[in-house]
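1. give me a 3D structure for the following:
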Amino acid sequence: MDNPPVNSPHIDYYALLNVARNASSEDIKKVYRNLCLTYHPDRHLDPVHKQQAQDKFTAITAAYETLSDPSKRVLYDTYGLEGLQSGWELANRVKNPEEVREAFERLRRKTDERSLAERLNQKGFFKLELDAQNLYNKRTNRLIMPSISSMYLSQTSRFKMTSKDTVHVSAQLGTGVAFGNGALALAYQHMMSEHTSFYSTYRITDTNKSHVSLGWNQSLSKVMTAQLETTLIDLRPAYATLSLTRLLAEHTLGTLAWTAGTLNAIKFNVTRAVNDRNPLSLEVNINPTSILHSWTQDEHTYTREYTRYANLGDVDVCLSKILKVSKRSVVKVAAKAGVSNGVGAEATVLRRMGHFAKFGMSVDIASRKGITVSGIFHRGSYKFEVPVLFTPEVSPWSLLAATAFPLALIMMTKILVITPLDALKQRRKREARRKQNAEAMKEAKRSAEADVRLMTPTVLKKKAQEEAKAGLVIVEARYGKIMDPQTGKLRMMDEDDEEGYMVVDVTIPMQYLVEDSRLLLQPSPKFGLLGFYDPAIGEDKELLVRYMFKGRMHQVLVQDDDALAIPLRSHLIPSGDDQ
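-> Numbers count the residues shown, from 1 in each chain. Below is the predicted model of the structure:
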């Protein structure tokens with residue numbers, strides 16, 4: 001059976017040649033020439049070996065031609081094999097790697113926008129506020145169920161009419177104690193150019209008032225955009241909003257929004273994020289001082305007096321930080337201060353339950369609002385939130401209860417629900433992955449065994465030369481799930497356990513990579529090396545090497561993505577003479 005195709009997504013060209021990602025053209029050319037001495041089909045007389053060498057030589061040549069061509073290499077480095085397949089013609093029409101990146105980025109952006117429009121065409125939000133201030137009745141010594149104080153839900157649908165025209169339809173409904181409201185909105189957006197767009201929104205509320213908004217988005221420069229929106233209520237001018245967004249620094253974005261008219265507000269936001277991780281955000285909302293008018297009349301003198309006085313509006317400041325504590329969990333902490341709610345803090349924990357689901361809790365503490373604990377659930381583009389007001393006052397005991405209860409609930413949920421479900425899901429994923437990749441793994445194993453057969457004559461010569469000068473001789477090398485997660489001990493060679501892990505022998509491939517008593521592996525997954533294959537797809541793997549150097553035994557264990565340089569004194573196994 002043939003080897004994987006040259007453009008197989010499982011092939012890593014850098015690993016195949018065992019060169020660094022910043023390797024020079026001369027280094028790549030030198031490695032390529034050395035590999036040709038082993039894998040060129042003309043060096044093999046046996047018909048089977050000759051065909052195996054031809055397949056591998058084709059892959060090695062494709063890797064060399066890609067990495068030695070600056071235009072093709074920048075496509076491969078940035079977008080992988082997808083870049084080569086989608087933008088191959090771009091590499092022939094542009095002059096330098098930077099133009100290649102820009103041209104392919106435009107092609108990639110169009111594809112991503114089309115895919116995103118298909119997946120995120122609906123959004124929903126549901127919020128149920130509960131009041132638990134009287135949760136415990138001291139007089140009757142009983143627990144009372146929380147009461148519903150308000151409920152809010154919204155639904156938005158997005159329809160891509162053409163490549164430049166989009167229609168949004170949304171509906172909102174809110175209800176609570178002695179109040180209720182609702183609204184229906186229809187919005188239309190048109191992209192006039194790459195830098196300019198226009199949109200209009202028609203919104204009608206439960207009071208039969210119509211709101212018409214007209215907006216304009218414009219890119220002023222590479223680092224600054226502007227948005228102007230004006231709103232009419234019952235066809236009468238009401239208020240207008242001007243927003244400016246500017247890239248303040250390499251990873252810092254600032255937004256300033258000013259609203260004037262029947263509504264007055266200023267909003268300022270600064271967000272800093274490096275590679276979209278751990279963003280830090282500062283948000284300031286200000287409702288400026290409003291001038292109120294009042295007429296008073298003295299009943300005795302029949303004189304009137306006109307009075308103007310200022311009402312200090314709301315000022316809200318929020319500083320928030322998002323921390324990624326694990327692969328599946330993030331924590332958001334925020335410090336807040338405002339005229340309405342006073343000084344407070346908020347902490348939110350979100351954990352990813354799958355590709356489309358998130359679950360979490362938050363604790364919001366405000367000096368004038370009290371303590372609110374919320375349960376949060378995300379499913380795709382839908383969000384469900386249940387805030388529970390425990391107490392309108394902040395005291396040491398209420399603070400302790402409000403923080404201890406969510407933590408206890410989170411720990412119980414993790415121990416009794418999340419951990420068992422995760423373990424069950426991981427077992428099922430491993431079983432499904434093993435069945436799905438069974439044929440691919442067999443083919444990869446056959447390809448690795450063919451590599452070993454082709455390189456064995458060269459390895460025997462190298463080993464004899466190294467032994468003659470007491471150089472670097474690989475005694476044993478294992479690759480795969482080396483460490484048993486249950487016992488913490490090394491697995492035996494080629495041992496299968498109930499979860500389907502394997503450890504494979506890579507002694508010959510490792511000896512093949514030895515040059516002048518030195519061996520260097522790049523920081524990339526090892527299954528891309530010649531003579532290797534992945535025995536535990538989707539799992540963490542290790543590489544264990546035992547080798548002789550200067551007549552003394554050495555041993556080293558590295559993770560799959562780590563670099564490896566041998567020999568090193570730190571790998572030496574102490575002997576009796578060293579004690």
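
2. going forward, measure contacts between C-alpha atoms and count neighbours the same way
-> Fine.

3. what helix or strand does Arg428 sit in?
-> Remark: Arg428 resides in helix 419-436, with elements defined by DSSP states H and E.

4. and that helix, what's buried?
-> Arg430, Arg434 (16 or more other C-alpha atoms under 10 Å).

5. following it, which helix or strand comes up?
-> helix 438-468.

6. and that next one with helix 419-436, angle?
-> Per axes from the mean of the first three to the mean of the last three C-alpha atoms, to 10 degrees, the angle that helix 438-468 makes with helix 419-436 is 80 degrees.

7. show me what helix 438-468 is packed up against.
-> helix 25-39, helix 47-67, strand 473-480, helix 507-512 (3 or more C-alpha pairs under 8 Å, 6 or more residues apart in numbering; DSSP states H and E).

8. who does the host helix or strand of Thr271 touch, helix- and strand-wise?
-> According to DSSP H and E, Thr271 maps onto strand 265-274. Counting contacts by 3+ C-alpha pairs under 8 Å, 6+ apart, strand 265-274 is packed against strand 252-261, strand 277-286.

9. just list the residues touching Gln218, thanks.
-> By C-alpha atoms under 8 Å, 6 or more residues apart in numbering, the residues touching Gln218 are His195, Thr196, Ser197, Thr225, Ala226, Gln227.

10. where does it land in three-state SS?
-> Per DSSP: H, G, I helix; E, B strand; the rest coil, the local secondary structure of Gln218 is strand.

11. out of everything not next to it in sequence, what's closest to it?
-> Thr196 (4.7 Å; C-alpha to C-alpha, 6 or more residues apart in numbering).

12. ok, now Ala366?
-> Using C-alpha to C-alpha, 6+ apart, the nearest residue to Ala366 is Gly344, at 4.1 Å.

13. pLDDT at the one you found, what is it?
-> As predicted, Gly344 sits at a pLDDT of 88.

14. secondary structure element holding it?
-> strand 342-352.

15. which stretch of helix or strand covers Val556?
-> Residue-wise, Val556 maps onto strand 552-559 under DSSP H and E.

16. tell me the mean pLDDT for that strand?
-> Averaged over strand 552-559, pLDDT sits at 92.

17. other SSEs contacting the helix or strand following it?
-> Counting by DSSP H and E, the element after strand 552-559 in chain order, helix or strand, is strand 564-566. Judged by 3+ C-alpha pairs under 8 Å, 6+ apart, strand 564-566 is in contact with strand 519-521.

18. what sits closest to Ser219 if chain neighbours are left out?
-> Thr225 (4.3 Å).

19. I figured the one you found hits Arg246, correct?
-> Yes - using C-alpha atoms under 8 Å, Thr225 is in contact with Arg246, at 6.5 Å.

20. check Gly182 and give its pLDDT.
-> The per-residue pLDDT reported for Gly182 equals 89.

21. for it, what are its contacts?
-> Gly182 is in contact with Ala171, Gln172, Leu173, Gly174, Thr205, Asp206, counting by C-alpha under 8 Å, 6+ apart.

22. make it 6 Å
-> Gln172, Leu173, Gly174, Thr205, Asp206 (C-alpha atoms under 6 Å, 6 or more residues apart in numbering).

23. of all the helices and strands packed on helix 438-468, which one is nearest Asp364?
-> strand 473-480 (46.4 Å; C-alpha to C-alpha).

24. relative to helix 438-468, how tilted is that closest one?
-> 160 degrees.

25. run the chain-centre distance for the next helix or strand after strand 473-480.
-> Along the chain past strand 473-480, the next helix or strand (assigned with DSSP H and E) turns out to be strand 503-505. Offset of strand 503-505 from its chain centre (C-alpha atoms, centre = their mean, to the nearest Å): 32 Å.

26. now for strand 503-505, which elements pack on it?
-> Packing partners of strand 503-505 (3 or more C-alpha pairs under 6 Å, 6 or more residues apart in numbering; DSSP states H and E): strand 473-480.

27. circling back to that earlier point, which of the contacts of Gln218 are buried? Put it as a ChimeraX command.
-> Only the buried entries of the contacts of Gln218 go into this ChimeraX selection, using 16+ other C-alpha under 10 Å:
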select :196,197,225,226,227
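
28. need the contact partners of stretch 331-347.
-> Residues contacting stretch 331-347 (C-alpha under 6 Å, 6+ apart): 314-323, 348-349, 362-369.

29. buried subset of these?
-> Buried among the contacts of stretch 331-347 by 16+ other C-alpha under 10 Å: 315-322, 348-349, 362-369.

30. now Pro208, what are its backbone angles?
-> One correction, residue 208 is Asn, not Pro. Here is the backbone geometry of Asn208 (degrees, to the nearest 10): phi 60, psi 20.

31. that one: neighbouring residues, count only.
-> 10 (other C-alpha atoms under 10 Å).

32. how close does the nearest residue to Ile365 once chain neighbours are set aside sit to Phe390?
-> What sits nearest to Ile365 in space, not counting adjacent residues and going by C-alpha to C-alpha, 6+ apart, is Ile371, at 4.6 Å. According to C-alpha to C-alpha, to the nearest Å, Ile371 and Phe390 sit 6 Å apart.

33. compare those two (neighbour count), which wins?
-> Of the pair Ile371 and Phe390, Ile371 is the one with more neighbours under other C-alpha under 10 Å, namely 27 against 22.

34. surely the more buried one touches Val363?
-> No - applying C-alpha atoms under 6 Å, one finds Ile371 not in contact with Val363, separated by 7.2 Å.
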